[in-house]
Structure formats: structure tokens, C-alpha cells
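> Following is a predicted model, sequence given first.
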Amino acid sequence: MTVVSTAASTLLATAPIEVRPASPDDITGMLELISVNVRAGHLLPRTIDEIRATLGDWVVALDAGYVVGIGSLLLMNPSLVEVRSLAVDERYRSAGIGAQIVRTLVEQAKRRQINTIFALTRAVPFFLRLGFTITNKDRFPEKVWRDCVKCPLVTCCDETAVVYDGD
Ligand SMILES: CC(C)(COP(=O)(O)OP(=O)(O)OC[C@H]1O[C@@H](n2cnc3c(N)ncnc32)[C@H](O)[C@@H]1OP(=O)(O)O)[C@@H](O)C(=O)NCCC(=O)NCCS
């Protein structure tokens, strides 16, 4: 039995937390975690069709088959990818699961020979600990034109751009 210490409590996980590429069986749990985080204002909504169509770009964290964390990569151009839809079930936070998901996504990007990985985030210290650095959003015009221009916060965005430039 694995003890997972979280800010709120100590959970008893029945097995070690597994972080692996998502599979079709995970989609229901992924949608639930997205929905909770959309309501909390942390994530943008994703439809089941979007998830199915991009399943190979998603990573999940599982406690005994139950989805407790998610993250995905979105290709912006052949050498640039965004980390998006990153979330960990509130009861499992502060136990290193988010870090494990991001490290797995970085490895996936490197295997695809994509060296620049960025995120727009409010969780800046979390990304800095993982080797990301703060940068200027203007470096990612693809993101600005694809998503930011449609966002109501476009002129007063409270997210910071962070980037991991591969070795
Ligand atoms: C960000 C998130 C995925 C981190 O997952 P996690 O499993 O708790 O991550 P780790 O355990 O690896 O690291 C936790 C540490 O990251 C830092 N951190 C996490 N979220 C943070 C935030 N919003 N602001 C500042 N620091 C943050 C803290 O240092 C934290 O340590 P602490 O809890 O002891 O203070 C999780 O907090 C989450 O799901 N948040 C809501 C969704 C979200 O904001 N996603 C980011 C979109 S880019």
C-alpha cells in the first residue's frame, strides 16, 4: 500500500500511482477531472470528441485505475508544443503527481524531437522547479492567434508564459 501525502490529508492509495499514456478506458475519468477544473476556473473545456481525436497526446495518472491526474501536449508548429489541460485531483495534490505528468510530457516531446515546450500558467513556481523559465508570450504568436484572441482576458491576461528549451 502506498501512502500519498497531500496538503489536505493523507490518502491511502492501494498501489503506486501510475503515470502513462492515456487509453480509451480513461476518457470518462479524464472528462470528470476536466469538468471539475473548468468549474474551478483552472482549465478550458475539452469535448469528448477532442479528447478521442488527440488521445495519443494525453498522459494520465492513475490510482488503482482511477484517473487522478491528466496533462496533454498540443503541437503548435513542428518545433513547438504546449503543455495544456494539466490537472491533478485536489485530494492528490502536493505529492509530486503533477511533476511526474509534466516530466512524462517533456520526455514525449523530446522523443518526437520537439525541443521547445511552453505553457501559459498561474502555477509558475511549479513549472520553475521542473526546469522551465519565464519568458515573453510574444515568443508564441501561434498560441496568441489560436487561443488568446478568443479569450475574454486577452488584454488583461493573468497567466505567465513559461518555456522549457530542450537540451
Ligand atoms: C498545478 C497542479 C497540476 C500541480 O499538481 P501537483 O500534483 O500538486 O504538483 P506537485 O505535487 O508535483 O507540485 C506541487 C507544488 O507545485 C507548486 N504549485 C502547484 N500549484 C501552484 C500554483 N497554482 N501556484 C504556485 N505554485 C503552485 C507548489 O510549490 C506545490 O507545492 P506545495 O503544495 O507544497 O506548495 C495542480 O495544483 C492542479 O491541478 N492545479 C489546478 C489546475 C491548474 O492550475 N493547472 C495548471 C494549468 S497550466
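Yep, that arrived. Numbers count the residues shown, from 1 in each chain.
> Quick one: name the residues of this protein near the ligand.
Proximity of the chain to the ligand (C-beta under 6 Å from any ligand atom) is limited to residues 7, 37, 42, 86-88, 93-99, 119, 121-123, 125-126. Every residue, glycine included, has its C-beta placed from N, CA and C.
> Now with 8 Å, please.
6-7, 37, 40, 42-43, 69, 71, 83-90, 92-102, 119-127, 129, 159 (C-beta under 8 Å from any ligand atom).
> residue ranges of the helices in this protein, please?
With DSSP state H, the ranges of helices along the chain come out as 27-39, 48-53, 97-111, 124-129, 141-146.
> Can I get these in CSV including mean neighbour count?
Shown next, in CSV, are the helices of the chain (neighbours: other C-beta atoms under 10 Å):
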stretch, mean neighbour count
helix 27-39, 16
helix 48-53, 12
helix 97-111, 18
helix 124-129, 14
helix 141-146, 14
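> Quick one, which of those helices gets closest to residue 59.
When the helices of the chain are compared by C-beta to C-beta, helix 97-111 sits nearest residue 59, at 4.9 Å.
> contacting residues for the closest residue to the ligand within the chain?
Residue nearest to the ligand within the chain: residue 98 (2.3 Å; C-beta to the nearest ligand atom). Residues near residue 98 by C-beta atoms under 8 Å, 6 or more residues apart in numbering: 69, 71, 86, 88, 126.
> middle-most residue in this structure, spatially?
For the chain, the residue nearest the mean C-alpha position is residue 86 (2.2 Å; C-alpha atoms, centre = their mean).
> Not counting residues beside it along the chain, what's closest to that one?
residue 71 (4.2 Å; C-beta to C-beta, 6 or more residues apart in numbering).
> Touching, that neighbour and residue 58? I think so.
Yes. Assessed by C-beta atoms under 8 Å, residue 71 is found in contact with residue 58 at 7.2 Å.
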